[in-house]
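Novice: Quick check, what structure comes out for this input:
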Amino acid sequence: MSYVALYRKYRPQTFDEVIGQEHIVTTLRNQILQDKVSHAYLFCGTRGTGKTSTAKIFARAVNCPHAKQNNGNPCGKCDICRTSGSANLDIIEMDAASNNGVDYARDIREKVQYPPVNGKYKVYIIDEVHMLSVGAFNALLKTLEEPPEHALFILCTTEVHKIPATILSRCMRFDFRLVPTQLLAQHVARIYDAEGKQYSKEAVAAIAQAGEGSVRDSVSIADRCYSVSSGKLEYSDVLAVLGVSSKSGIVSLAKAIFSNSTADILTEINKLVTDGKDVARLNKDLSLYVRDLLTAKVCPDANGILMLPQEDFDQLKEIADGVTVKKLLYAVDCFVNVETGLKYALSPLMLFEATALKVACGSGEVDADGLDKRITRLENLSDSPAKNGSLYVVDVTDPKSVWRGIKLSLDKRGEPLLTGVWSDVKVSYDAQRNYVLKCSEGSYWLIENKYKKLLQAELARFITGQLVVERDNVPSQSEIDRQLNGLGKNVKFDD
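Specialist: Numbers count the residues shown, from 1 in each chain. I've put the predicted structure just below:
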């Protein structure tokens, strides 16, 4: 083969070459040195973080007779280490995406009984294991739980949530993290140095940022950028290869937004779209630029993080100094939230324009959406108890509102009264502004004998009047007098 892609050529061959996964490498290395290798491993994480590469290194290391002398790394010189691919009968690599049926799992279960040919372990590396069918997972259960002593399984997946819990519980799980941009930039720089390619540090930083934590993506982008120029790779060359929106156009658009120039906003968006820029990509580039503005605003050593050309950073810093942090946070929130909507909008351009204008007009000091939700919550409060700490404002002029306030307060304290009491009691103010509870015989007895002090204490939080408890079914003296007077006027006695 005349040319080998950089991500294949520089694939790590030892644990020392794996970057950004020290927490995993250290554990696997120590297991080899201490002869405490488990029977099943699960490597999970996003693409390009080293799952399959680490699995291959580990598979060679457990069989390498010189691994302990090399700090857990495969020596790369013995017959076991030098034999690769299908020629190595002790390391079986499988793709579950194209072999996901139950027959595939049964075949593993039958062949795993045969001992290894050269090494100590027979290692099965199953990539994209989440693609296996339910039947295939069930067929593997017993083998994973009690495999032969010579068998070792390494399952790799990008979607661990799709794997049954019965499989997860039988494996030693390792989560691969996204690799920091700084490490990716150093890795790309080492590759370019080995290849004899000249580059600027800003160009390498741009490649690493575009990789978004994935080593393979970063090296693939570096491969694309390698031949863009015969001389030194510059920052502008990387931007051209990536196809990102014009940097000057993004800067002009950001300036228009943060200066609240409505006409300039629509003009700059029209220029960028007319030049063939995709609206979704434009939104993403603008979001990243606003993120850079926020970094320049709040971080003392911002360019140590962003690694931009000094001229570009000075321009970024100038714009950031004229915008508040709250405004920048508001802008990030708006542009990130609209990303999903752009995929399904009938007119993505119109939605993006509206979002840009919304950011320009908003101050960032008050979240209008959040304020609207809070007002709606207050307006929709009912007689039901407060849930999840909902706010309730008591109107002390309304005895019913005070009664609800007492109930909510007691519910919060975990001291609720009987439900029947609340539905039975009628509340009102008397002439002396005392708080009157009228209730049936049973509720009267409960409140008077058990809960009156508690209710009085809660009532004192809202009003200064005293609590008065009355039986609703016992007529007052005035009512008795009225009935007796009526009886005297209407009844005639016979002689």
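Novice: Any regions of the stretch 101-250 of the chain where pLDDT drops low?
Specialist: Across the stretch 101-250 of the chain, residues meeting the criterion (pLDDT under 70) sit at 243-246.
Novice: where exactly do the helices run in it?
Specialist: For the stretch 101-250 of the chain, the helices defined by DSSP state H, counting those that start in this stretch cover 102-111, 134-145, 165-168, 181-195, 201-211, 215-226, 235-242, 247-258.
Novice: tell me what the helix or strand hosting Y7 is packed against?
Specialist: Y7 is part of helix 6-9, with elements assigned from DSSP states H and E. For helix 6-9, the elements it packs on are helix 215-226, judged by 3 or more C-beta pairs under 8 Å, 6 or more residues apart in numbering; DSSP states H and E. Glycine gets a C-beta too; all of them are placed from N, C-alpha and C.
Novice: domain ranges for the chain?
Specialist: With automatic domain parsing as the criterion, the domains of the chain are listed as 6-176, 181-242, 247-361, 399-478.
Novice: Tabulate these (TSV), appending distance to V393 and mean neighbour count.
Specialist: Supplementary listing: the domains of the chain in TSV, determined by distance: least, C-beta to C-beta, whole Å; neighbours: other C-beta atoms under 10 Å:
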stretch	distance to V393	mean neighbour count
domain 6-176	42	18
domain 181-242	47	19
domain 247-361	27	16
domain 399-478	8	15
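Novice: helix, strand or coil for I447?
Specialist: Under DSSP: H, G, I helix; E, B strand; the rest coil, I447 falls in the helix class.
Novice: And it, how far from F313?
Specialist: Separation of I447 from F313 (C-beta to C-beta, to the nearest Å) stands at 71 Å.
Novice: ditto for Q69
Specialist: Looking at Q69 against F313, where the rule is C-beta to C-beta, the gap reads 48 Å.
Novice: got it, and S214?
Specialist: Distance, S214 to F313, using C-beta to C-beta: 26 Å.
Novice: what are the ranges of the strands in this protein?
Specialist: Applying DSSP state E to the chain gives strands spanning 40-45, 91-95, 122-127, 151-157, 172-176, 426-429, 435-439, 467-471.
Novice: Quick one: closest of these to D285.
Specialist: Taking C-beta to C-beta, strand 40-45 is the member of the strands of the chain nearest to D285, at 26.6 Å.
Novice: What pairs with that closest one, parallel or antiparallel?
Specialist: Strands adjacent to strand 40-45 in the sheet, as given by DSSP bridges, are strand 151-157 (parallel), strand 172-176 (parallel).
Novice: Could you export these as a markdown table, including distance to A302?
Specialist: Listed next are the strands paired with strand 40-45 as a markdown table, based on distance: least, C-beta to C-beta, whole Å:
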| stretch | distance to A302 |
| --- | --- |
| strand 151-157 | 37 |
| strand 172-176 | 29 |
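Novice: just so I know, which of those lies nearest E17?
Specialist: With C-beta to C-beta as the criterion, E17 lies closest to strand 172-176 of those, at 15.0 Å.
Novice: Point out where the stretch 251-400 of the chain drops to low pLDDT.
Specialist: Low-confidence segments of the stretch 251-400 of the chain, defined by pLDDT under 70, are located at 363-392.
Novice: which residues of it fall in helices?
Specialist: Secondary structure of the stretch 251-400 of the chain (DSSP H, counting those that start in this stretch): helices located at 262-274, 279-298, 302-306, 310-321, 325-344, 348-361, 368-379, 399-412.
Novice: Can you add distance to K77 and give these back as CSV?
Specialist: Conversion of these to CSV gives the following (distance: least, C-beta to C-beta, whole Å):
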stretch, distance to K77
helix 262-274, 56
helix 279-298, 46
helix 302-306, 41
helix 310-321, 47
helix 325-344, 50
helix 348-361, 57
helix 368-379, 63
helix 399-412, 71
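Novice: Looking at those, which is nearest to L184?
Specialist: When the helices of the stretch 251-400 of the chain are ranked by distance to L184, counting by C-beta to C-beta, first place goes to helix 302-306 at 13.6 Å.
Novice: Give me the contact list for stretch 295-308.
Specialist: Residues lying outside stretch 295-308 but in contact with it, judged by C-beta atoms under 8 Å, 6 or more residues apart in numbering, are 185, 201-202, 205, 235, 292, 310, 313, 316-317, 320-321, 323, 325, 328.
Novice: Over to stretch 194-212?
Specialist: Stretch 194-212 is contacted by residues 6, 10, 48, 178, 181-182, 184-185, 187-189, 192, 217-219, 221-222, 225-226, 231-235, 237-239, 242, 306-309 when judged by C-beta under 8 Å, 6+ apart.
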